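Undergrad: Mind folding the following:
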Amino acid sequence: MGFLMMFLFASCEGEEGKGGRATIKGKVYVTDFNQEGMLVVEDYVGDWDVFITYGDSGVVDDATVTNFDGSYEFEYLYEGNYTVFAYSKCNSCPNNIEPITLNAEITEASQVLVLPDLNVID
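TA: Next up is the predicted model:
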């Protein structure tokens, strides 16, 4: 009986992060211009870094890389609030990059949340 109570108590602890059954997924869409400012590529991109923060921690909690079709996913998440982001080129920004962010809220234990595209510039 004690083991069952301990298991139930542990499963009720719910804050953002790994250990749950929910998934957040989406795609990264890239626009690339040449030196003359002409459009070179506009498509979903593979091998692009995508990051996630749990709650309002403000730190990167996990990262993944997009598949060949631009898709990514973060699995085994608890209910709560998350921020998903990828870096985009920005000529007027510090270090010439800026984060493109999407806020997400998982409201159900087994939810699969599909986010809008992360639109970045390369």
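Undergrad: List the contacts of Val71.
TA: Actually, residue 71 is Ser. It isn't Val. Counting by C-beta atoms under 8 Å, 6 or more residues apart in numbering, Ser71 makes contact with Lys25, Gly26, Lys27, Tyr44. (Glycine included, C-beta is placed from N, CA and C.)
Undergrad: are any of those buried, and which?
TA: Among the contacts of Ser71, the ones that count as buried by 16 or more other C-beta atoms under 10 Å are Lys25, Gly26, Lys27, Tyr44.
Undergrad: I'd like to know which of those residues is nearest to Leu118.
TA: The shortest gap between Leu118 and any of those belongs to Gly26, at 6.4 Å (C-beta to C-beta).
Undergrad: what are the bridge partners for the closest one, then?
TA: Assessed by DSSP bridges, Gly26 has beta-bridge partners Tyr72.
Undergrad: Now do it against Lys89, distance only.
TA: If you measure Gly26 against Lys89 using C-beta to C-beta, to the nearest Å, the figure is 20 Å.
Undergrad: before we move on, what about Glu15?
TA: Glu15 sits at a distance of 34 Å from Lys89 (criterion: C-beta to C-beta).
Undergrad: Between these two, which is the more surrounded one?
TA: Summary of the neighbour comparison: Glu15 and Lys89, criterion other C-beta atoms under 10 Å, with Lys89 having more neighbours (15 against 12).
Undergrad: tell me, what residue is most central in the protein?
TA: With distances taken as C-alpha atoms, centre = their mean, Val84 lies nearest the centre of the chain, 3.2 Å away.
Undergrad: Now do that residue against Gly37, distance only.
TA: Using C-beta to C-beta, one gets 29 Å for the distance from Val84 to Gly37.
Undergrad: my read: Phe33 touches Glu42, true?
TA: No. In terms of C-beta atoms under 8 Å, Phe33 does not count as a neighbour of Glu42; the distance is 9.6 Å.
Undergrad: show me where the chain has helices.
TA: 2-12 (DSSP state H).
Undergrad: need the helix or strand of it with the lowest average pLDDT.
TA: helix 2-12 (a mean of 40; mean pLDDT, DSSP states H and E).
Undergrad: Just give the number of residues close to Gly17.
TA: Each residue near Gly17 was counted by other C-beta under 10 Å, and the total is 17.
Undergrad: Noted, bye for now.
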